[in-house]
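> Provided below are the primary sequence and the corresponding predicted coordinates.
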Amino acid sequence: MRSLYFKRTSSASRHSVAVVRGPELISAHVGESEAALKGVFAAASAAAPCVVLLDELDALAPARPGGDGLGGRGDDSGGGGKGES
């Protein structure tokens, strides 16, 4: 749904659109995923002005079991931690 909305709003503003799904970038061979991503941005640069939508990024780095989704920070309060009251 987001991809369709994104394509329609971008076409209304006359920008090229490149929708890339996370699983399309995954490769088992070292360096191929990076090369694929570099190719996406090279193509977008050639089609300028272009908007790149990286969709389904959770496929690239899925949540770890037992993770809180906050990168180990524990809470999302933004506090400095020890010594604060």
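Received it, and whenever you're ready, just let me know what you need. The structure presented is a predicted model; accordingly, all values stated were derived computationally and were not measured. Numbering: from 1, shown residues only.
> doesn't Val17 fall inside a strand?
Yes - counting by DSSP: H, G, I helix; E, B strand; the rest coil, Val17 is part of a strand.
> for it, the count of nearby residues, please.
Neighbour count of Val17, defined by other C-beta atoms under 10 Å: 18. Any C-beta I mention is one placed from the backbone N, CA and C, and that applies to glycine too.
> got the buried residues for stretch 51-58?
Val51, Val52 (16 or more other C-beta atoms under 10 Å).
> in PDB, list the C-alpha atoms belonging to it.
What follows is stretch 51-58, C-alpha atoms only, in PDB (Å, rounded to 0.1, in the frame of the first residue of the first chain):
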ATOM      1  CA  VAL A  51      13.200   9.300  -5.500                       C
ATOM      2  CA  VAL A  52      14.400   5.900  -4.000                       C
ATOM      3  CA  LEU A  53      12.100   4.000  -1.700                       C
ATOM      4  CA  LEU A  54      13.800   1.200   0.200                       C
ATOM      5  CA  ASP A  55      10.900  -1.000   1.200                       C
ATOM      6  CA  GLU A  56      10.800  -4.100   3.400                       C
ATOM      7  CA  LEU A  57      14.000  -3.200   5.200                       C
ATOM      8  CA  ASP A  58      13.000  -5.400   8.100                       C
END
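> hmm, who's touching it?
With C-beta atoms under 8 Å, 6 or more residues apart in numbering as the test, stretch 51-58 has contacts from 2-3, 6, 10, 15-23, 40-41, 44.
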